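**Student:** What follows is a protein structure lacking sequence information:
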């Protein structure tokens, strides 16, 4: 879908967006915001009234409710008039392109079964996510090869499903959408659907509520490729898992391609039925690991192409050497350097200057490397007046379950330790750790005392709740 954007408004909006994204420390929030920003179709400004149009009403409401004030401040910083008003609206005149799907019924099928049907992807593919823009390295070469194998032979048993897993910000979503973009380029009539597991769940719930379950099933079981991001969220509800299982089977039996991403390998997904795990492992499972220095530098050089003023090599090398946790943290640091460079093109980007400019990113990186699981366990145990040995025990009283799961949550979200090491040091299985983390995430939404305790513990480590990775 082509954007219809006024040039001056677009420049102001792009600057404001870059300023806002550079301020975000939570990778989870960055990912969520960028997902909805990708649904913006047009921006206009008339009589100091700045209007942002989106491709669906939910995106407009989401951005208006949670981000209007923040983006207004960033528009001011970007050079907008202080009297500017900001509004997010659904553009009803813009429709996503539909893909026509021929009926795959037999010659004996009824005329209604032979009728052509239209399908629009639930969430738009980011056209910037291509194989050309994906930087290959030792940490992701096997996953890249598998993704290209899907493009060459979509639906082939050895690659179906393709399950890509790895930590936050390592390129899983980029690689998955690159598959969709390349297949769409090769075959524009191919019905490709991209969405998150959470979106799939929400659509399923709405279909049940509105008595449209049959329409929901027809929509997702007659496509050529289903791409599901963040599969770990499938754990919500047995009835939902049953629906996904049946959708999965229908597509696979029709030799239609399925691609999924997750933070963890299929065997480590919590609360997922064994039959689903078996299906996920039945095709190609590939991991993306943290990139080495050479790959990090190559990624930064690729991301900085076209930036004005140009980012000097020494700045890219400094970022690659200082920030190792994940790609999105590097991109955030690069954006911040880019904004500074645009504000003062003559400033010398010495290592001393970069150290001050990127101090928030670098400090977090240092803390990530220093924070140990033993230290987390001891600090949580002290806060809850229990012994570390009790946290590591098999006792399941609530007075021990909460600090145990909270310690797991902190280790998973605020340290650079892998799931395997965390599970080992808690003397628990991978699935137990993931279940504990997810349980704390749910409780934090409703338990103010737990949230307060967590914030106090994190403060001892020099963190805020918004800093989680």
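**Tutor:** Sure, I can see it. Quantities reported herein were computed from a predicted structural model and do not represent experimental measurements. Numbering: from 1, shown residues only.
**Student:** how's the protein carved up into domains?
**Tutor:** 7-90, 99-103+116-288, 293-367, 371-467 (automatic domain parsing).
**Student:** Tell me if residue 302 really is in a helix.
**Tutor:** Yes - counting by DSSP: H, G, I helix; E, B strand; the rest coil, residue 302 falls inside a helix.
**Student:** how about the domains of the chain in TSV, adding mean pLDDT and mean neighbour count?
**Tutor:** Every C-beta, even on glycine, is put in place using the N, C-alpha and C of the backbone. Shown next, in TSV, are these (pLDDT from 0 to 100; neighbours: other Cβ atoms under 10 Å):
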stretch	mean pLDDT	mean neighbour count
domain 7-90	81	17
domain 99-103+116-288	86	18
domain 293-367	88	17
domain 371-467	88	17
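**Student:** Assumed residue 45 was part of a strand.
**Tutor:** Yes - the assignment for residue 45 by three-state DSSP puts it in a strand.
**Student:** Spatially nearest residue to it, not counting backbone neighbours?
**Tutor:** Once flanking residues are discounted, residue 45 sits nearest to residue 9: 4.4 Å by Cβ to Cβ, 6 or more residues apart in numbering.
**Student:** what helix or strand is that neighbour on?
**Tutor:** helix 7-23 (DSSP states H and E).
**Student:** what packs against that helix?
**Tutor:** Applying 3 or more Cβ pairs under 8 Å, 6 or more residues apart in numbering; DSSP states H and E, we find helix 7-23 packed against helix 27-37, strand 40-46, strand 49-54, helix 57-77, helix 327-343.
**Student:** what angle sits between it and helix 27-37?
**Tutor:** Orientation of helix 7-23 against helix 27-37 (axes from the mean of the first three to the mean of the last three Cα atoms, to 10 degrees) gives an angle of 160 degrees.
**Student:** how far does helix 7-23 sit from the chain's center?
**Tutor:** Taking Cα atoms, centre = their mean, to the nearest Å, one finds helix 7-23 lying 21 Å from the centre of the chain it belongs to.
**Student:** quick one on the thing from earlier: which one, of the helices and strands packed on helix 7-23, ends up nearest to residue 455?
**Tutor:** With Cβ to Cβ as the measure, helix 27-37 is the member of the helices and strands packed on helix 7-23 nearest residue 455 (16.7 Å).
**Student:** what angle separates the closest one from strand 49-54?
**Tutor:** Going by the same axes, to 10 degrees, helix 27-37 makes 90 degrees with strand 49-54.
**Student:** I'd like to know which elements helix 27-37 is packed against.
**Tutor:** So helix 27-37, by 3+ Cβ pairs under 8 Å, 6+ apart, packs with helix 7-23, helix 57-77, helix 327-343.
**Student:** for it, the distance to its chain's centre please.
**Tutor:** The answer for helix 27-37 is 7 Å, by Cα atoms, centre = their mean.
**Student:** Now do the helix holding residue 9: everything it contacts.
**Tutor:** 5, 30, 33-34, 37, 43-45, 50, 52, 70-71, 74-75, 77-80, 332, 335-336, 338-339, 342 (Cβ atoms under 8 Å, 6 or more residues apart in numbering).
**Student:** coming back round to it: would you format the helices and strands packed on helix 27-37 as JSON lines with distance to residue 360 included?
**Tutor:** JSON lines is the format used below for the helices and strands packed on helix 27-37 (distance: least, Cβ to Cβ, whole Å):
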{"stretch": "helix 7-23", "distance to residue 360": "9"}
{"stretch": "helix 57-77", "distance to residue 360": "17"}
{"stretch": "helix 327-343", "distance to residue 360": "9"}
